[in-house]
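Novice: pasting a predicted model and its sequence here:
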Amino acid sequence: MARIAGIDLPKNKRGEIGLTYIYGIGRVTAGRILDAANINRDKKVEEWDDDELAAIRQAVGTVKTEGELRSETQMNIKRLMDIGCYRGIRHRAGLPLRGQKTKNNSRTRKGKRKTVANKKKVTK
């Protein structure tokens, strides 16, 4: 089993797809890493030998991934919240930040529906 950046890569996947299991590496970056290591993109992860794994590890080391990238993202969000900008306020309130409408949708961001009871009518 190939272990890169603390992540176990799936054996039966193509190399380009297998590398995307690492946080911070997408399809394009995975392709560039494999090109830098001179490895065929279609070669399965289980077919990589030790020399190829070492070359991939070295290439992945140049890219910001996993814990370092997660902490940087969290620090960026915290900075937005601290300065009190619009995006920071939306983060704090748990609402969408990029201009989406929230009357009907945005359930992923807002969470489960909270039903509000109707006001009782006053009878005279």
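Specialist: Here it is on my side, so go on.

Novice: by contact count, what packs against whichever helix in the chain runs longest?
Specialist: Criterion DSSP state H: the longest helix present in the chain is helix 66-83. Here helix 66-83 is seen to pack against helix 86-93 when contacts are counted using 3 or more Cβ pairs under 8 Å, 6 or more residues apart in numbering; DSSP states H and E. Every C-beta, even on glycine, is put in place using the N, C-alpha and C of the backbone.

Novice: next, the angle from the helix it packs on to helix 66-83.
Specialist: Orientation note: helix 86-93 sits at an angle of 100 degrees relative to helix 66-83 (axes from the mean of the first three to the mean of the last three Cα atoms, to 10 degrees).

Novice: ranges for the helices of this protein?
Specialist: Here the chain has its helices, by DSSP H, at 15-18, 27-36, 50-61, 66-83, 86-93, 107-110.

Novice: residues contacting the one residue sitting closest to the centre of the chain?
Specialist: Among the residues of the chain, the one closest to the centroid is Tyr23, at 5.9 Å (Cα atoms, centre = their mean). Taking Cβ atoms under 8 Å, 6 or more residues apart in numbering as the contact definition, Tyr23 lies against 7, 65-66, 69-70.

Novice: could you flag which of those are buried?
Specialist: Buried subset of these (neighbour count, 16 or more other Cβ atoms under 10 Å): 7, 65-66.

Novice: pipe these into CSV and attach pLDDT and distance to Arg32 per row.
Specialist: Output for the buried ones among the contacts of Tyr23, formatted as CSV (pLDDT from 0 to 100; distance: Cβ to Cβ, whole Å):
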residue, pLDDT, distance to Arg32
Ile7, 90, 18
Thr65, 91, 13
Glu66, 90, 18
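
Novice: so, if you compare the residues you listed, which one comes nearest to Glu46?
Specialist: Relative to Glu46, the closest of those is Ile7; by Cβ to Cβ it sits at 15.5 Å.

Novice: partner residues bridging that closest one?
Specialist: Beta-bridge partners for Ile7, by DSSP bridges, are Ile4.

Novice: I'd guessed it sits against Glu66; true?
Specialist: Yes: assessed by Cβ atoms under 8 Å, Ile7 is found in contact with Glu66 at 7.2 Å.
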